[in-house]
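Peer 1: Sequence first, then the predicted structure:
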Amino acid sequence: MIASMIVKRMVRSSVDKAFQGDVESAFANFSDDGVYDIPLDISAGGTVKGKKAAIDWFHRWYEQFPKRKLIMKNISFAAYPLSPTNVIMMEWTCVETDKEGKECKYDGVTVTEARKGKGIRMTEYIACRGLPQLSTLIKPSGKV
């Protein structure tokens, strides 16, 4: 119970820092060889390996979407005494405005696996409802 309260505070603090532009502080508890994954075949999707690469990805996202707000709905923490990995899940809504002034709003869930207090894998599951038309986001490979 106490661990869950501490983790929820840490998650809220990290998200607040990230959305204020302090990505380095937000990723302080992310493993140097951690994996950040958005399992979508759109331009924002893909897998990024390593803390530095994940931080760079967020900086590029911030350049494309200079105005952004994340509304946290629920945070859940699961820790089992004999399990080496803990799981943190956060449900959210993101409202962002791109460089051209177009606003979009979408929902998602972030699942973070942690080991010894460090995030080792963070996966964003994003509902495409609310995103711009997929035709504008398709990767050059043509996959949808």
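Peer 2: It's in.

Peer 1: So for the longest helix along the chain, what gets flagged as buried?
Peer 2: Using DSSP state H, we find that the single longest helix of the chain is helix 2-19. For helix 2-19, the neighbour count (16 or more other Cβ atoms under 10 Å) marks 7-8, 10-11, 14-15, 17-19 as buried. No exception for glycine: its C-beta is placed from N, CA and C like everyone else's.

Peer 1: same thing with stretch 76-89?
Peer 2: Result for stretch 76-89 [16+ other Cβ under 10 Å]: buried residues 77, 86, 88.

Peer 1: Show me what the least confident helix or strand in the chain by mean pLDDT is packed against.
Peer 2: Ranking every helix and strand in the chain by mean pLDDT, DSSP states H and E puts helix 2-19 at the bottom, with a mean of 83. Under the contact criterion of 3 or more Cβ pairs under 8 Å, 6 or more residues apart in numbering; DSSP states H and E, helix 2-19 touches helix 23-26, strand 67-78, strand 86-97.

Peer 1: That one versus strand 86-97: what angle between them?
Peer 2: Going by axes from the mean of the first three to the mean of the last three Cα atoms, to 10 degrees, helix 2-19 is angled at 30 degrees with respect to strand 86-97.

Peer 1: Just confirm Y62 contacts D56, I think it does.
Peer 2: No: the criterion here is Cβ atoms under 8 Å, and Y62 misses it with D56 at 10.7 Å.

Peer 1: so where's this structure shaky on pLDDT?
Peer 2: Scanning the chain for pLDDT under 70 picks out 1, 41-44, 128-144.

Peer 1: which element is the closest residue to A54 other than its chain neighbours on?
Peer 2: Leaving aside its sequence neighbours, A54 sits nearest to Y36 (Cβ to Cβ, 6 or more residues apart in numbering; 4.0 Å). Y36 belongs to strand 30-38 when assigned by DSSP states H and E.

Peer 1: after that strand, next one along is what?
Peer 2: strand 46-49.

Peer 1: Show me what that following strand is packed against.
Peer 2: strand 30-38.

Peer 1: Counting neighbours, go ahead and name the busier of Y62 and D56.
Peer 2: The neighbour comparison of Y62 against D56 (other Cβ atoms under 10 Å) goes to Y62, with 16 against 13.
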